[in-house]
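# sharing a sequence plus its predicted fold:
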Amino acid sequence: MDLEHKFARFGDGLSVSEDAVIEGYASLFGQVDQGSDVVQKGAYRSSLAGLEKAGQRVKMLWQHDPAQPIGVWDEVREDDKGLWVKGRLLESTQKGREAAELIRAGAMDGLSIGYRTKRAAKNDKGQRVLTELELWEVSLVTFPMLPSARVAAKGFDPEADETLRSIAEVFNDARQELARP
């Protein structure tokens, strides 16, 4: 099984505090993303329990690059809404400083999970329902795949957000076209 990525916008109330603490939803349950996947409640339970038992943490990366950790997730948990994360950007790193400033300016508001699918099934709508995932990392990203999991940060402009979403859709379509045999 290959490592997969699932994108989401931060949940309501995204902010970066003076000490670079960020929090939001990295995944929302029951919502169809642009890849026609739906994450089911409880999909992360086993993975999170395994990480805790092993004394390990979910990694915080920049744009899914394993060579660029930018902080630490202090809390990662499932609730009724989805996968909620809270962590600290390490502003002692260049990318950590950049990420904090981009979030503060409203230029970046996306999260993406890196995971392996352990169990999934197709529903009657042809969507893949993800029932068990092995969570590896949660990254800060530019273009999230789950538009409904988003935040209105200070200075948010809905028209600009729609433009960025359209651009992301073009990139996603091009990526799918290039992946065809």
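Cool, got the structure.

# what about the strands in this protein?
Using DSSP state E, the strands of the chain run over residues 4-9, 21-28, 37-39, 59-62, 65-78, 82-89, 110-122, 128-141.

# angle of the last one against strand 65-78?
Okay, so that is strand 128-141. 120 degrees (axes from the mean of the first three to the mean of the last three Cα atoms, to 10 degrees).

# list the neighbouring strands of strand 128-141 plus their orientation.
strand 37-39 (parallel), strand 59-62 (parallel), strand 110-122 (antiparallel) (DSSP bridges).

# I'd like those as CSV, with mean neighbour count appended.
(Glycine included, C-beta is placed from N, CA and C.) Putting the strands paired with strand 128-141 into CSV (neighbours: other Cβ atoms under 10 Å) gives the following:
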stretch, mean neighbour count
strand 37-39, 22
strand 59-62, 22
strand 110-122, 19
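
# rebuild the ones you listed as TSV, extending it with mean pLDDT.
Converted to TSV, these look like this (pLDDT from 0 to 100):
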stretch	mean pLDDT
strand 37-39	93
strand 59-62	94
strand 110-122	91
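
# okay if I get those as TSV plus distance to residue 79?
As requested, those are exported to TSV (distance: least, Cβ to Cβ, whole Å):
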stretch	distance to residue 79
strand 37-39	13
strand 59-62	19
strand 110-122	15
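
# residue 82: which of those strands is closest?
For these, distance to residue 82 was read as Cβ to Cβ. The smallest value, 7.4 Å, belongs to strand 37-39.
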